[in-house]
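In: Sequence below, structure please.
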Amino acid sequence: MLWFEFPSELNPALSSVSGYASLDRTDDMFGMDEGRHWPETSDGLTRPEGLLKLPELDAFLQSSGWRRDQFDDDRKSLEPGYHALASVVVTLLVLNCLPKTAYASNAPSQIGVLGGYADGDGVPFGLLTDRRWTPLRYRPSASARKEELDPSSWRFNLKKFLAAGGDPNRKVARGGGTLLHKYSYSDTETIRLILRAGGDPRVPFRKNCPTLFLYSAAELPVLRALVAAGANPKQRSGRGHTLLEWISGDGRCTVQHLDWYWRQGVRFRRESKGFYPLHILGQGNNYERERLARLFAMAKWWVARGFGINVKDKKRLTPLGHAVVCHATELDDAIARRRRDPGVSGHWYYEHDRVAAELLKLGADPNVTLPRTKSRRVPRGGTPLMVRRYDSPLLVESLLKHGADPTLRCARGRTALDYARRAAKRSDQPGNEAAPKVVELLERAMNRMLGRRGKA
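Out: Modelled structure (predicted):
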């Protein structure tokens, strides 16, 4: 069986093809739990012939502003259309071209062909026999085989297990928890199915880890069902964390989750005890369009409960400091990856500069002094305005708008304008593309600042 993967959020740059030893026509999984074979080189890397870069589609979309390695607003608006067109292109390539290949003519048996996304279910293309397509039909087996009743098996079938009287609170050999722990990222109906069968959310996952901590910021209907079945949202972890502290680092978390846990009576420690929710949000990314609004709403929620927008944590960074340091280090990491593998592509820009802009709206100090970090793009003793990443002027524009002082100097006596001018001389290098624009912004701001001081 062959699986053709479409480009998606989990695989934004490439389509890939992999194969399985056999197609199990009595299995809901189409045999995808069999050993999967990628086209690999001797050192374990995917072979070029196993990847489809879809150059014709890229060329078409570039005329509308698409850039594979540039993650701006234009890219975001075009990305859903790209994924839809990519699935169509891959489907047409497979249906029209696979029967004409030497692989198809020399195949010792029928070839089952599926398509789909890395984060979705398989979509059957068809069954290829003697270079001709026929429908790929299958009928899931009604009887339960031994491995389908084993929760630690890849072939495990939850419905068949429960229908056969299986104990939902039995510890799973692989993973160490019960079925509620095994399915902690599943949909509401699956969780309710386990609860109706007697699943007990009061059984902890391993030692000192309450079940609700595994679910964290799952869908609210799931959390409500677990609490209705006996889970205690006020219970703390073995290290003393409450659920409001725990979910702060969960990318699924929203202000609705914070409100819900608060109404359940869950509380939290203060900054003096080592809990810094705003700093966690400062390190957050903005991969999805809706994510930025969620981060801003959660930040306002924590500020309203007394957490300081300009408090420094143990790393001597404020929430804004974390955002700009993440902004710098993610470019360092992307450049290092490309040096190791020039052909690597995919999503790497997570818009920490936009997170910084939202923190500034909440009153973050734009002139906070930054400590030494692992990134050389962050001058020691400098301010956020001096962070040397200039592929977009957004961060500098936001900082200046909220009162950043361009005349301040870092520990080496340099201003933000000094650093931007250096970068502008090498605007062809990654991270320097918008440096000339940044120089203009800083020069105007510097002149205004010096002019006001002269009049004073």
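In: List the buried residues of whichever strand or helix holds Ser87.
Out: Ser87 is part of helix 73-97, with elements assigned from DSSP states H and E. Using 16 or more other CB atoms under 10 Å as the test for burial, helix 73-97 gives 75, 78-79, 82-83, 85-87, 89-90, 94. The C-beta positions use only the backbone N, C-alpha and C, and glycine is treated the same way.
In: His181: how many residues sit nearby?
Out: 21 (other CB atoms under 10 Å).
In: Leaving out the residues flanking it, which one is nearest to it?
Out: Leaving aside its sequence neighbours, His181 sits nearest to Phe205 (CB to CB, 6 or more residues apart in numbering; 4.6 Å).
In: Go ahead and report the secondary structure state at that neighbour.
Out: coil (DSSP: H, G, I helix; E, B strand; the rest coil).
In: And the pLDDT at it?
Out: pLDDT, Phe205: 89.
In: could you list every residue that touches it?
Out: 176-178, 181, 211, 213-214 (CB atoms under 8 Å, 6 or more residues apart in numbering).
In: Inside helices: which ones of those?
Out: 181, 211, 213-214 (DSSP state H).
In: Serialize those residues to CSV and add fields for distance to Val172 and pLDDT.
Out: Formatted as CSV, the ones in helices among the contacts of Phe205 follow (distance: CB to CB, whole Å; pLDDT from 0 to 100):
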residue, distance to Val172, pLDDT
His181, 7, 93
Thr211, 14, 94
Phe213, 17, 95
Leu214, 13, 93
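In: Farthest pair within those?
Out: Maximum pairwise distance among those (CB to CB): 10.3 Å, between His181 and Phe213.
In: List the contacts of stretch 317-331.
Out: So stretch 317-331 is in contact with 276, 278-279, 281-283, 285, 299, 309-312, 348-350, 352-353, 355-356, 359-360, 364-366, 368, 370-371, 373-375, 377-378, 384, 387-389, 391, 395, 430-431, going by CB under 8 Å, 6+ apart.
In: how about 6 Å then?
Out: With contacts defined as CB atoms under 6 Å, 6 or more residues apart in numbering, stretch 317-331 is touched by 278-279, 282-283, 310, 312, 352-353, 355-356, 359, 364, 368, 370, 373, 375, 377-378, 384, 387, 389, 431.
In: returning to what we had before: need the buried ones from the ones in helices among the contacts of Phe205 selected in PyMOL.
Out: The following PyMOL line selects those of those that are buried, judged by 16+ other CB under 10 Å:
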select buried, resi 181+211+213+214
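In: Show me which of the ones in helices among the contacts of Phe205 is closest to Ser109.
Out: Ser109 lies nearest to His181 out of these, by CB to CB, at 39.7 Å.
In: starting at the chain centroid, how far to the helix or strand containing Leu162?
Out: Leu162 belongs to helix 158-163 when assigned by DSSP H and E. Chain-centre distance of helix 158-163: 32 Å, with CA atoms, centre = their mean, to the nearest Å.
In: how about it: buried residues?
Out: 158, 160-162.
In: Over to stretch 163-183?
Out: By 16+ other CB under 10 Å, the buried positions in stretch 163-183 come out as 166, 168-169, 172, 177-183.
In: now do stretch 386-406
Out: 386-400, 402, 404-406.
In: repeat for stretch 270-286
Out: 271, 275-282, 284-286.
In: just checking, which of these belong to helices?
Out: 277-282.
In: By mean pLDDT, flag the weakest helix or strand of this protein.
Out: Of all helical and strand segments in the chain, the minimum by mean pLDDT, DSSP states H and E falls on strand 36-37, at a mean of 54.
In: returning to that earlier point: now the buried residues of helix 158-163 in TSV, with pLDDT?
Out: Shown next, in TSV, are the buried residues of helix 158-163 (pLDDT from 0 to 100):
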residue	pLDDT
Leu158	91
Lys160	89
Phe161	92
Leu162	93
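In: from these, which single one is nearest Asp333?
Out: When those are compared against Asp333 (criterion: CB to CB), the nearest one is Leu158, at 38.9 Å.
In: Among the buried residues of helix 158-163, which one sits closest to Gly251?
Out: Among the buried residues of helix 158-163, and counting by CB to CB, the member closest to Gly251 is Leu158, at 25.9 Å.
In: distance of that closest one from Ser186?
Out: Separation of Leu158 from Ser186 (CB to CB, to the nearest Å): 9 Å.
In: okay, which residue is most central for this protein?
Out: Nearest to the geometric centre of the chain sits Tyr287, at 6.5 Å (CA atoms, centre = their mean).
In: Assign a three-state SS to the nearest residue to it once chain neighbours are set aside, would you?
Out: The shortest distance from Tyr287 to any non-neighbouring residue, by CB to CB, 6+ apart, is to Tyr350 (5.8 Å). Following three-state DSSP, we place Tyr350 in the coil state.
In: Isn't Tyr350 up against Gln283?
Out: No. Under the criterion of CB atoms under 6 Å, Tyr350 is not in contact with Gln283, lying 10.1 Å apart.
In: can you count the residues close to Arg269?
Out: Arg269 has 13 nearby residues by other CB under 10 Å.
In: Over to Ala107?
Out: 15.
In: contacting residues around it?
Out: With CB under 6 Å, 6+ apart as the criterion, no residue contacts Ala107.
In: What about it? Give its phi and psi, please.
Out: phi -60, psi 130 (degrees, to the nearest 10).
In: Trp445: which element?
Out: I think there's a mix-up here, since residue 445 is Ala and not Trp. helix 435-455.
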